[in-house]
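**Student:** Sequence and predicted structure, then a few things I'm wondering about:
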Amino acid sequence: MDSSRAEFHRQHAQQASAEARRLFDCKAELQGAWLNWVAAQLYTLGPAEYVSMVRRELQQLQSPGSQ
């Protein structure tokens, strides 16, 4: 990871984690519609590096034992 990418990650890690938690917290309410909804939510975010960070956080939240 180059220094500018590392700096971007450092600056946005907490925000990406909070955004992933917000999206994940809607899963129980939306049930089967959640996956399409979350995809649409991610589509509205940017830049791509930030979206990737949110996706990684969501994957961690969905992993067994992460709760």
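**Tutor:** Thanks, I have it.
**Student:** Please count neighbours and contacts with C-alpha atoms only from this point.
**Tutor:** Fine.
**Student:** Need the contact partners of stretch 47-57.
**Tutor:** The contact list for stretch 47-57 (C-alpha atoms under 8 Å, 6 or more residues apart in numbering) reads His9, His12, Ala13, Ala16, Ser17, Glu19, Ala20, Arg21, Leu42, Leu45.
**Student:** please redo it, this time with the cut-off set to 7 Å
**Tutor:** Around stretch 47-57, the neighbours that count as contacts under C-alpha atoms under 7 Å, 6 or more residues apart in numbering are Ala16, Ser17, Glu19, Ala20, Leu42, Leu45.
**Student:** which SSE is the fifth one in?
**Tutor:** Going back to what we said before, that points to Leu42. Secondary-structure assignment from DSSP states H and E places Leu42 in helix 34-44.
**Student:** and what of His9?
**Tutor:** Element membership for His9, per DSSP H and E: helix 3-25.
**Student:** distance between the next helix or strand after that helix and the chain's centre?
**Tutor:** For helix 3-25, the following helix or strand on the C-terminal side (DSSP H and E) is helix 27-30. How far helix 27-30 lies from its chain's middle: 16 Å, per C-alpha atoms, centre = their mean, to the nearest Å.
**Student:** and if you look at stretch 9-23?
**Tutor:** With C-alpha atoms, centre = their mean, you get 7 Å for stretch 9-23.
**Student:** Buried residues in it, which are they?
**Tutor:** Judged by neighbour count (16 or more other C-alpha atoms under 10 Å), stretch 9-23 contains these buried residues: His9, Ala13, Ala16, Ser17, Glu19, Ala20, Leu23.
**Student:** Arg46 and Ala33, how far apart?
**Tutor:** One correction, residue 46 is Gly, not Arg. Using C-alpha to C-alpha, to the nearest Å, one gets 22 Å for the distance from Gly46 to Ala33.
**Student:** ok, now Pro64?
**Tutor:** Going from Pro64 to Ala33 by C-alpha to C-alpha gives 21 Å.
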